[in-house]
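1. here's a sequence, model it:
(chains A, B, C and D)
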Number of protein chains: 2
Amino acid sequence: MSQARTLNDVAKHANVSPSTVSRILNGTASVSPDKRKSVEEAISLLGYRPNLMAQALAKGRSMTIGVVTQAISSPFYGETFVGIEQGLASSGYHPMFISGHWRAEEEREAVDILTSRRADALIILGGNLEDDYLLKMAESLPIVTVGRTVQGLEHQSINISQEDGAMLGMRHLLDLGHRRIAHISGPPSHRDAIERFTGYKNALAEYGIAYDPELVLEGNYQERAGLLATEQLLSRRTDVTAIFAANDQTAMGARLAMFRRGIRVPDDMSLIGFDDLFASGYTTPPLTTVRQPGEDMGLAAANMVFALLEGHRPKPPRLSASLIVRESTSRLRFA
Amino acid sequence: MSQARTLNDVAKHANVSPSTVSRILNGTASVSPDKRKSVEEAISLLGYRPNLMAQALAKGRSMTIGVVTQAISSPFYGETFVGIEQGLASSGYHPMFISGHWRAEEEREAVDILTSRRADALIILGGNLEDDYLLKMAESLPIVTVGRTVQGLEHQSINISQEDGAMLGMRHLLDLGHRRIAHISGPPSHRDAIERFTGYKNALAEYGIAYDPELVLEGNYQERAGLLATEQLLSRRTDVTAIFAANDQTAMGARLAMFRRGIRVPDDMSLIGFDDLFASGYTTPPLTTVRQPGEDMGLAAANMVFALLEGHRPKPPRLSASLIVRESTSRLRFA
DNA sequence: CTGAAAGCGCTTACAG
DNA sequence: CTGAAAGCGCTTACAG
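-> Numbering: from 1, shown residues only, chains lettered A, B, ... in the order given. This is a model prediction of the structure:
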């Protein structure tokens, strides 16, 4: 193990004081050209790299933005990660992702890990942390939430209306003539899952269609649950002509269940998802879905963090869901 | 912003020296029960959380494991991330992911960021960093590579034989009677893509089939390239009965191209992928593929890091590819 | 078992 | 423009 060089090594080598080296490194004061030159030479000669831990301690800034995510391999959050990465790029700040797996307790641990590391700000992606907890945190640390808006922290929240998104998808189905539309929900404990379900019911009401509880099945945002729910649905109802899945992963499971029964999509049944995962453009048939701009949300979160860090009040951009019509939905053939 | 409490605050509150508090925190010496008690009370009373930055500086250990990945939203690496997370869980170490996007320069930046932060070890996932560079790094820092094995660093590399994996997939196709098998490659600059291609050719040779360059198309591991390559292939050859895609994402693109042309899978054409992404079990039809145990590889990497950190020579487990037969391949109907 | 002191590698008033 | 000194919040020999 070769010893890492220190600021002091550089100073000695360049015959200046550590202070001067520090000032050059930070561009924090003007320095005579010749000293600057010899310092720069010493730096490259020694291959010096500042110790971020020491800097963090001295400056009181760790240059890390903690992001508590739910699953590091989630296809939806993955797009948000990319947005955060890009938003933070070349700012000197770097994200540190810790997974909470939708369990409030684990999420609190994630927050503890991040605050122990003195993250300069936190980005909270969805999850089940209580509003009160978040509100309290926000008093001592810049935090922005993504995919949920906290009462009293609206300007630090970036979100779309899940309900509006769901209505967008439902109206599409309704306008195509579908009336018996099933819904496979997300986890009943998830805010956004509830909102999407609400959108489903509202759209039905808007079109004057009676809500039929037998048509809604509980899922959990995972493919397998979509598959199981659809099997169950198909075995007890034969009049359903379309399914509104709570997210694309659920839709994939539903798609497979239909495939197994020889039900053609969209000829025999229409299917619509939510999120617009990258992969959804490559399913067969390509999936019609409600797009949630995950990457833009991540980007916005990064920018809001910057605003907070500079003491400004962030201005969350107005982002919204949009309908992406592909090939898994079609006009009802025979009513 | 409420001030974060320090070790000193706790010490004063408990009427002991900072040293004692530190020792209690680290379990580094036995302390009288009453002092321990009052210290613990002070800690919870003040809500004290140790400053990891300060600890890192004092101990010379940051407790972070740097992982240079290529894309934070990659479905394949995502599984490896999960393995790393799990492997590191409750060890006190935490991963920090930085993306290199398969560009050596960016990857080197990622390494610099991580060493500046004094990562205690590095996990390198694939990528294009030069062997020499990695070898040099390894002299001063514990590093383990995943998905590539570096000459002279074999016991710090965890990998499967991509070539063997490809042969597994090809033999499956060959045994089903297929003879005109196309290959859509990964990026020609990727080690693993080259190995998979080699496996393709070797399998052909093994079965005494002449290699036909017109049957191999260049891809880049992305869906879109798989789609385009397949369109190209289908427009110039009508005798192909199976496609071996360099990875599952490529296979998805190929699948869509076939769908567009009304080619049934596997009735008209067989399709096989590589990786076994989680989503591949939910495509229509579910995809036959060569499984690469991404999560196990991540887990193994974490364990190898521990070994290195403890000064042991890591023993990489023997992991290998396996064939997952699902429904996208079938016996050749008519020859 | 416990404390005072020095040190980890930086930064930043404070002087000049 | 530049240096000496103190400090960031811990840890860890060194004494006792």
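
2. C-alpha only now, for contacts and for neighbours.
-> Will do.

3. is it fair to say residue A:289 lies in a strand?
-> Yes: according to DSSP: H, G, I helix; E, B strand; the rest coil, residue A:289 belongs to a strand.

4. so which residues of the stretch 151-300 of chain A form helices?
-> In the stretch 151-300 of chain A, helices defined by DSSP state H, counting those that start in this stretch lie at A:162-175, A:191-206, A:223-236, A:248-260, A:294-309, listed in chain order.

5. go through the ones you listed and pick out the most buried.
-> The highest mean neighbour count among the helices of the stretch 151-300 of chain A, using mean count of other CA atoms under 10 Å in any protein chain shown, belongs to helix A:248-260: a mean of 26.

6. and it, average pLDDT?
-> Helix A:248-260 shows an average pLDDT of 98 in the prediction.

7. go on, stretch A:52-72?
-> 96.

8. and that stretch, which residues are buried?
-> Using 16 or more other CA atoms under 10 Å in any protein chain shown as the test for burial, stretch A:52-72 gives A:52-57, A:61-72.

9. ends of that stretch, what's the gap?
-> End-to-end distance of stretch A:52-72 (CA to CA, to the nearest Å): 25 Å.

10. list of residues touching the lowest-mean-pLDDT helix or strand in chain A?
-> Ranked by mean pLDDT, DSSP states H and E, the weakest helix or strand in chain A is helix A:33-46, scoring a mean of 88. Applying CA atoms under 8 Å, 6 or more residues apart in numbering or on different chains, the contact partners of helix A:33-46 are A:5, A:10, A:11, A:13, A:14, A:16, A:21, A:24, A:49.

11. quick one: that helix near DNA strand C?
-> No: judged by CA under 7 Å from any atom of the strand, helix A:33-46 and DNA strand C are separated, with a smallest distance of 10.5 Å.

12. OK, contacts around residue A:186?
-> Applying CA under 8 Å, 6+ apart, we find residue A:186 in contact with A:193, A:194, A:218, A:219, A:220, A:221, A:246, A:247.

13. what's the separation between it and residue A:219?
-> Distance of residue A:186 to residue A:219, computed by CA to CA: 5 Å.

14. do residue A:102 as well
-> For residue A:102, the distance to residue A:219 equals 15 Å [CA to CA].

15. looking at the two, which is more packed in?
-> Counted by other CA atoms under 10 Å in any protein chain shown, residue A:102 and residue A:219 do not tie: residue A:219 has more neighbours, with 25 against 18.

16. residue A:225 is in contact with that one, correct?
-> Yes: using CA atoms under 8 Å, residue A:219 is in contact with residue A:225, at 5.1 Å.

17. so for these two, which residues contact both of them?
-> Common neighbours of residue A:219 and residue A:225 (CA under 8 Å, 6+ apart) are residue A:250.

18. quick check: closest non-adjacent residue to residue A:229.
-> Leaving aside its sequence neighbours, residue A:229 sits nearest to residue A:217 (CA to CA, 6 or more residues apart in numbering or on different chains; 6.0 Å).

19. same question, residue A:160
-> Once chain neighbours are set aside, the closest to residue A:160 by CA to CA, 6+ apart is residue A:320, at 4.8 Å.

20. show me the contacts for that neighbour.
-> When contacts are counted by CA under 8 Å, 6+ apart, residue A:320 touches A:159, A:160, A:161, A:165, A:292, A:293.

21. same check on residue A:295?
-> Residue A:295 makes contacts with A:79, A:80, A:81, A:82, A:83, A:84, as judged by CA under 8 Å, 6+ apart.

22. tell me the pLDDT of it.
-> Residue A:295 carries a pLDDT value of 97.

23. now swap in residue A:334 and tell me
-> Note on residue A:334: pLDDT of 64.

24. what's the burial count for residue A:98?
-> Number of residues near residue A:98 (other CA under 10 Å) recorded here: 24.

25. can you list the residues of chain A near DNA strand D?
-> Chain A has residues A:15-20, A:29-32, A:35, A:54, A:57-60 near DNA strand D, with proximity defined as CA under 7 Å from any atom of the strand.

26. once you drop chain neighbours, what's closest to whichever residue of the stretch 201-335 of chain A sits closest to DNA strand D?
-> Nearest residue of the stretch 201-335 of chain A to DNA strand D: residue A:309, at 18.4 Å (CA to the nearest atom of the strand). Counting by CA to CA, 6+ apart, residue A:309 lies nearest to residue A:142, which is 6.9 Å off, once chain neighbours are set aside.

27. same question, residue A:330
-> residue A:266 (5.7 Å).

28. in terms of contact, does the one you found touch residue A:333 like I think?
-> No: Residue A:266 is beyond contact range of residue A:333, at 10.1 Å (criterion: CA under 8 Å).

29. neighbour-wise, which of these two wins?
-> It is residue A:266, of residue A:266 and residue A:333, that has more neighbours when counted by other CA under 10 Å, with 19 against 12.

30. need the pLDDT of that one.
-> 96.
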